[in-house]
Structure formats: structure tokens, C-alpha cells
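Colleague: Have a look; sequence and predicted model below, questions after that.
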Amino acid sequence: MMARATKKTTAGGDLGFEAELFRAADKLRGNMEPSDYKHVVLGLIFLKHISEGFEAKHAQLLAEYSEGAEDEDEYRADNIFWVPKGARWSHLQANAKQPGIGKVIDDAMLEIEKVNPGLKGVLPKDYARPGLNAVMLGELIDLISGIGFKDAGNASRDLLGRVYEYFLGQFAGSEGKRGGEFYTPRSVVRTMVEMLEPYKGRVYDPCCGSGGMFVQSEKFVESHGGRIGDIAIYGQESNHTTWRLAMMNLAVRGIDADIRWNSEGSFHKDELPDLRADYVLANPPFNISDWGGDRIKQDARWQFGPPPAGNANFAWLQHILHHLAPTGTAGVILANGSMSSTQNGEGNIRRAMVDGDVIDCMIAMPGQLFYSTQIPVCIWFLAKDKSNGIGRSRKLRDRRGEILFIDARKLGHMVDRTRREFSDADIAKIADTYHAWREGEGYADVPGFACAARHEVIAGHGYVLTPGRYVGAEDVEADVVPFAERFATLQATLEEQFAESARLTDVIRQRLAGVVVPDERPNV
């Protein structure tokens with residue numbers, strides 16, 4: 001029996017029970033690759049989750065309305081998956097020590113998909129493959145059986161949701177760069193959610209990964225006393241394996257969502273062309289060079305200019321703007337180069353977006369926040385209409401002609417040797433600054449951290465949107481900053497200087513082109 005610890009991180013995560021459970025599960029992995037093992041473990045956690053939901057409803061029906069206990073519609077009416085007898089966790093647990101346990105699990109997954117069309121193609125069904133050790137599977141079943149064993153009903157299922165989310169993050173860390181393809185660290189997502197406050201309306205993510213943006217949006221609504229049903233969730237994902245993770249992640253949380261998959265992706269096969277979302281939260285893959293931009297040079301989405309075929313950053317920004325409702329807002333994580341690059345017309349698109357008044361806020365983030373990269377990134381906050389609006393129940397002021405810059409590179413704390421997280425206080429500092437600026441109450445520039453800059457000032461900086469230019473970055477003692485972070489900061493500064501050099505070169509060329517050279521030929 002596993003004790004439940006209550007040790008908390010400053011970011012609000014639980015490093016007791018979940019961490020202990022993950023360590024125990026990881027020991028069973030042996031030589032199996034984390035990228036393969038995560039599907040084995042997460043599939044079983046999901047199976048335990050839906051089985052517990054079914055069993056709780058089954059017990060309730062037996063007590064109150066016994067003839068309805070085997071009526072599938074009674075479960076579906078409460079948004080509970082129907083689980084056939086051979087797929088229930090008690091059946092798996094009874095067969096955990098059998099050499100054919102892999103086939104028992106596969107059969108359970110198939111049966112569940114057969115009677116629940118919404119799960120078709122979602123669940124992993126390769127537990128009987130020769131490479132999976134039956135003893136290991138049995139031990140995993142025993143381990144997972146202990147999750148929530150003392151809790152009843154919703155409390156147990158909520159705990160399973162927390163475990164699923166924690167395991168996703170840990171597997172992302174184990175996989176390194178590949179892990180970043182499906183998981184955005186929770187403290188980064190929480191920052192975006194606390195800033196945008198997706199309290200009511202349509203939430204969209206065009207590259208949704210494992211669905212973390214949606215989970216945190218629902219948590220925000222719940223924690224602020226709202227109703228979960230007040231937001232409708234839409235998403236798209238091009239990686240089928242990742243789409244399956246997202247579908248299970250949302251189902252284990254009891255979140256109803258419309259998540260589409262196709263291998264072509266959001267640019268080339270937009271599954272939700274008519275959607276206009278109130279909120280978009282996205283962490284697109286950085287600097288994609290093979291996104292097929294040469295095939296869609298002309299498109300209604302490219303309102304601010306055709307994005308270069310060699311980099312999808314400005315394609316993502318414009319795709320997201322296209323899908324925003326008239327008063328919608330968005331948060332988009334991108335590589336730092338997007339703030340200053342002038343290559344292949346990117347500078348012109350950025351200028352058009354500033355002049356078009358669709359950029360609300362820019363945040364420079366510290367390095368080492370992500371599993372997939374050590375470099376610092378930025379977050380673009382976009383707004384379709386900055387003239388007014390409502391942030392939850394609060395009136396927003398007219399912010400036209402102005403952009404808020406926040407330099408958050410000094411925030412966060414190291415949770416291990418390679419990764420940084422934001423604390424609750426860090427997230428509150430960023431979100432409160434943004435809200436005060438948007439609402440016009442209690443905001444003041446903070447040297448080294450925040451600055452509200454007019455468009456004419458931004459134009460004077462060549463439309464470079466790096467916050468350090470505007471907030472006045474403070475000097476940092478080199479010997480107290482880790483080399484990786486110091487190097488990333490220097491690299492970002494150098495990119496800014498390259499961008500400024502390119503701008504000045506363009507100005508010189510334009511002026512030289514206008515010089516009239518006198519005709520010095522002798523008169524005849």
C-alpha cells in the first residue's frame with residue numbers, strides 16, 4: 001500500500017504520491033524506451049479511470065434502481081463510458097499474474113472501443129506483442145490498482161487525472177527533445193491561462209499535443225467558481241499517437257471536446273475552417289522549415305503577408321488570428337527569433353501586425369522551461385479588437401496603438417539540474433501586470449520588467465519586439481547566472497543586433513539608390 005504524501009512545490013504540483021508512483025512504475029520499465037513505455041502505462045491508467053467511473057455508477061444504480069444497472073443508456077446519460085464485464089479493472093486485476101495478460105488487456109481495449117464510438121482508434125491495443133513482458137504488465141496493474149483505492153467516486157477519478165497529467169510531464173522529461181513535441185510544461189500553460197482567463201466561450205488549439213492547454217483552461221474555470229460547461233473546446237493535431245494521448249488525457253478528466261486529427265495538419269487541411277474562437281492557446285513546433293508553405297502562398301489567412309516557405313512561425317500567428325472571434329484573444333509560444341527576424345519578409349509581416357494593432361503583449365521567457373529545448377522562448381498575446389472588451393467580469397480599456405512588453409527572463413526557479421519552473425508568485429506577477437495594463441487600474445512601468453510602448457516607439461526600433469529593448473534590461477552578474485542561460489541571453493542579444501544591422505543596411509541601400517550621380521563626361 002502506497003502512502004499519500006502532501007509535499008507541494010511552489011508551483012502547486014504534488015511531488016509526493018505522484019512522484020513516488022512514477023518512480024515505482026519507471027523501475028518496471030527495464031530497457032524499454034520511454035516513448036514506447038508511456039503508452040503502456042498511460043493506457044492502463046486510462047482503463048483504470050473509466051472502469052472506476054463505471055463501477056461507481058454501477059454501485060449507485062444497484063442501490064437505487066437495480067434494473068438499470070446493466071442499461072448502457074443510464075451511463076451515457078451521465079457522460080460515463082460503458083465498460084463491458086471483460087474490460088473492467090477487476091477482471092484485469094484478477095488475471096494480472098497470468099501469462100496471457102497482454103491479450104486480456106488488448107481484448108478489453110477493443111471491447112471498450114466497440115461500445116464507445118467516441119473512443120474509436122484512441123486506445124493502445126498492442127499489449128500482447130512479444131516485446132512486452134507479461135510479468136511487468138502484471139506488476140503495473142498491481143501498482144495502478146492502488147491509485148485512489150481509499151477515495152470514492154469523483155475524488156478517485158480526479159486523482160487518476162492528476163496522475164495521468166504528472167506522468168505525461170515525467171515521460172516528456174525522459175524523452176527529452178521528443179517529449180517537447182507533445183507536452184507543454186504546466187507552469188508555462190498556467191501563465192497563459194491566468195493571463196487570458198478563458199472563463200466562458202470557445203477555446204481552440206490548432207496543434208494541441210496531449211491537450212494540456214485544455215486541462216488547465218478547465219481547471220481555471222473550476223478554481224474561479226465557474227461552470228465547466230461554460231467553455232467549449234476545439235483542437236487539431238497532426239500526429240496520430242499524440243492525438244490519442246490528448247483524447248485519453250481529456251477523457252480521464254471528464255472533459256468533452258472536439259479534437260480532430262489528420263496527417264496533413266492545420267495549415268493544409270483545416271478541420272475547423274468556420275470556427276472563430278474566443279480564446280486560442282497554442283505551443284506550435286518552433287521554426288518548422290518543411291511546413292509546405294510553397295504550396296499555399298496565396299491564402300485568406302495570410303492577412304499580413306505570405307509567410308516564408310522556410311519558417312512556419314508567422315503562418316501559425318496568422319492562422320490563429322484567422323480563427324479568432326471579433327473580440328477573441330490568443331497566447332502563442334514561439335522561438336525568440338520571431339521577435340526580431342527580418343529574413344524572407346518576416347520583418348514586414350511583423351510590422352504589418354503592429355500597424356494592424358493585433359499584438360497585445362509580448363513576454364520574454366527564461367531558458368530551461370521546456371523539456372525539448374534549453375533556449376528561452378517568447379509568448380505572443382494577440383487581440384482581434386483592442387478598443388475595448390471584457391476580461392471575465394471586468395471592462396478593458398482602449399489599448400490601441402500600444403503594446404505591453406514583459407521581460408520574465410529572471411523569474412522562475414530550478415526544479416532539477418536542467419529545468420526551470422514558475423512559482424505561483426511568478427505567474428501572479430506576470431498575469432497581474434497584464435490585467436492591470438489591460439484594465440487601466442494600478443499599472444505602472446517597472447524598469448527591467450514591464451513597459452507599455454506606443455507604436456511610434458516600436459517603429460523607432462525597427463519593429464523589433466524583444467521586451468529587453470523597451471523595459472531596460474538590468475545588468476546581471478555573470479558568475480551567478482548558469483552558463484546555458486547566460487549563453488542563451490547573449491545569443492538573443494546578438495540576434496537583436498543582427499536584426500538592427502540588417503535594418504540599417506536596408507536604409508543605407510535605399511538612400512544610396514536615391515543618390516543622383518553627376519555626369520562627369522567632358523563637354524564636346
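Modeller: It's in. Numbering: from 1, shown residues only.
Colleague: What segments of the stretch 151-300 of the chain are strands?
Modeller: Applying DSSP state E, counting those that start in this stretch to the stretch 151-300 of the chain gives strands spanning 201-205, 231-237, 257-261, 277-282.
Colleague: for the stretch 301-450 of the chain, same thing?
Modeller: Using DSSP E, counting those that start in this stretch, strands in the stretch 301-450 of the chain cover 324-335, 359-364, 377-383, 390-391, 394-395, 402-407, 413-414, 420-421, 450-454.
Colleague: The ones you listed into TSV, with extra columns for distance to Asn116?
Modeller: Quick note: C-beta positions are derived from backbone N, CA and C, even for glycine. Putting the strands of the stretch 301-450 of the chain into TSV (distance: least, Cβ to Cβ, whole Å) gives the following:
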stretch	distance to Asn116
strand 324-335	32
strand 359-364	41
strand 377-383	37
strand 390-391	38
strand 394-395	41
strand 402-407	44
strand 413-414	42
strand 420-421	36
strand 450-454	48
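Colleague: Worst mean pLDDT among those strands?
Modeller: Out of the strands of the stretch 301-450 of the chain, strand 390-391 stands lowest, with a mean of 69 (criterion: mean pLDDT).
Colleague: neighbours of the closest residue in space to Ser387 that isn't next to it in sequence, just the number please.
Modeller: Of all residues not flanking Ser387 in the chain, Asp398 sits nearest, at 5.2 Å (Cβ to Cβ, 6 or more residues apart in numbering). By other Cβ atoms under 10 Å, 11 other residues sit near Asp398.
Colleague: what do you get for Ile296?
Modeller: Quick note: Ile296 (other Cβ under 10 Å) scores 16 neighbours.
Colleague: isn't it right next to His268, touching?
Modeller: Yes: taking contacts as Cβ atoms under 8 Å, Ile296 lies within contact range of His268: 6.9 Å.
Colleague: sorry, back to before: quick check: which of the strands of the stretch 301-450 of the chain is nearest to Ile255?
Modeller: For these, the distance to Ile255 is smallest for strand 324-335, at 19.3 Å, taking Cβ to Cβ.
Colleague: So which of the strands of the stretch 151-300 of the chain is the most surrounded?
Modeller: Of all the strands of the stretch 151-300 of the chain, strand 277-282 has the most neighbours on average by mean count of other Cβ atoms under 10 Å, namely a mean of 25.
Colleague: That one: partners in the sheet, and parallel or antiparallel?
Modeller: strand 201-205 (parallel), strand 324-335 (parallel) (DSSP bridges).
Colleague: any residues touching that strand, and which ones?
Modeller: The contact list for strand 277-282, computed with Cβ atoms under 8 Å, 6 or more residues apart in numbering, reads 189, 192-193, 196, 198, 200-207, 213, 217, 234, 316, 320, 323-325, 327-333, 382.
Colleague: Any quick PyMOL command for the buried ones out of the residues you listed?
Modeller: With 16 or more other Cβ atoms under 10 Å as the criterion, this PyMOL line picks the buried residues out of those:
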select buried, resi 189+192+193+196+198+200+202+203+204+205+206+207+213+217+234+316+320+323+324+325+327+328+329+330+331+332+333+382
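Colleague: one step back: include mean pLDDT and distance to Ile406 when you put the strands of the stretch 151-300 of the chain into JSON lines, please.
Modeller: Below are these laid out as JSON lines (pLDDT from 0 to 100; distance: least, Cβ to Cβ, whole Å):
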{"stretch": "strand 201-205", "mean pLDDT": "95", "distance to Ile406": "22"}
{"stretch": "strand 231-237", "mean pLDDT": "94", "distance to Ile406": "25"}
{"stretch": "strand 257-261", "mean pLDDT": "94", "distance to Ile406": "30"}
{"stretch": "strand 277-282", "mean pLDDT": "96", "distance to Ile406": "17"}
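Colleague: what would those look like in CSV with distance to Tyr463?
Modeller: Below are these laid out as CSV (distance: least, Cβ to Cβ, whole Å):
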stretch, distance to Tyr463
strand 201-205, 27
strand 231-237, 30
strand 257-261, 35
strand 277-282, 22
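Colleague: Quote the end-to-end distance of stretch 21-34.
Modeller: 16 Å (Cα to Cα, to the nearest Å).
Colleague: Repeat that for stretch 336-344.
Modeller: From its first residue to its last, stretch 336-344 covers 16 Å (Cα to Cα).
Colleague: Of all the residues in that stretch, which ones are buried?
Modeller: Under 16+ other Cβ under 10 Å, the buried positions of stretch 336-344 are Asn336, Gly337, Ser338, Met339, Ser340, Ser341, Thr342, Asn344.
Colleague: Repeat that for stretch 463-471.
Modeller: Counting neighbours by 16+ other Cβ under 10 Å, the buried set in stretch 463-471 is Tyr463, Val464, Leu465, Thr466, Pro467, Gly468, Arg469, Tyr470, Val471.
Colleague: and Lys410, how many residues sit next to it?
Modeller: Neighbourhood size, Lys410 [other Cβ under 10 Å]: 15.
Colleague: Can you tell me how far it is from Val104?
Modeller: Remark: distance between Lys410 and Val104 (Cβ to Cβ, to the nearest Å) = 53 Å.
Colleague: any idea how far Phe54 is from the residue lying closest to Arg351 once chain neighbours are set aside?
Modeller: Sequence neighbours aside, Tyr463 is the residue nearest to Arg351 in space, at 4.3 Å (criterion: Cβ to Cβ, 6+ apart). Tyr463 is 56 Å from Phe54, where distance means Cβ to Cβ.
Colleague: what's the answer for Ala108, then?
Modeller: With Cβ to Cβ as the criterion, Ala108 and Phe54 are 12 Å apart.
Colleague: Compare those two (neighbour count), which wins?
Modeller: Ala108 (26 against 20).
Colleague: my guess is that one meets His91, correct?
Modeller: Yes: with contacts defined as Cβ under 8 Å, Ala108 counts as touching His91 at a distance of 7.4 Å.
Colleague: what is Glu421 paired to in the beta sheet?
Modeller: His413.
Colleague: Pull the number of nearby residues for it.
Modeller: 23.
Colleague: cool, and Asp256?
Modeller: Count around Asp256 with other Cβ under 10 Å applied: 13.
Colleague: same question, Ile105
Modeller: Using other Cβ under 10 Å, Ile105 is surrounded by 28 other residues.
Colleague: give me the low-pLDDT residue ranges for the stretch 251-400 of the chain?
Modeller: 371-373, 391-393 (pLDDT under 70).
Colleague: repeat that with 90
Modeller: 251-256, 285-287, 367-376, 388-395 (pLDDT under 90).
Colleague: again, but for the stretch 401-524 of the chain
Modeller: 415-419, 472-524.
Colleague: how about 70 then?
Modeller: Within the stretch 401-524 of the chain, the segments meeting pLDDT under 70 span 473-486, 488-489, 492, 516-524.
Colleague: give me every residue that touches the residue nearest to Lys410 when sequence neighbours are not counted.
Modeller: Counting by Cβ to Cβ, 6+ apart, Lys410 lies nearest to Pro366, which is 7.0 Å off, once chain neighbours are set aside. Going by Cβ under 8 Å, 6+ apart, Pro366 touches Pro376, Ala408, Arg409, Lys410, Leu411, Gly412, Arg420, Glu485.
Colleague: at 6 Å instead, please
Modeller: Residues near Pro366 by Cβ atoms under 6 Å, 6 or more residues apart in numbering: Pro376, Arg409, Gly412, Arg420.
Colleague: And the second one, its phi and psi?
Modeller: Right, Arg409. phi -70, psi -20 (degrees, to the nearest 10).
Colleague: Pro255: neighbouring residues, count only.
Modeller: I think there's a mix-up here, since residue 255 is Ile and not Pro. Applying other Cβ under 10 Å, we find 17 residues neighbouring Ile255.
Colleague: coming back round to it: farthest pair within the buried residues of stretch 336-344?
Modeller: So, the buried residues of stretch 336-344 by Cβ to Cβ: farthest apart are Asn336 and Asn344, at 17.0 Å.
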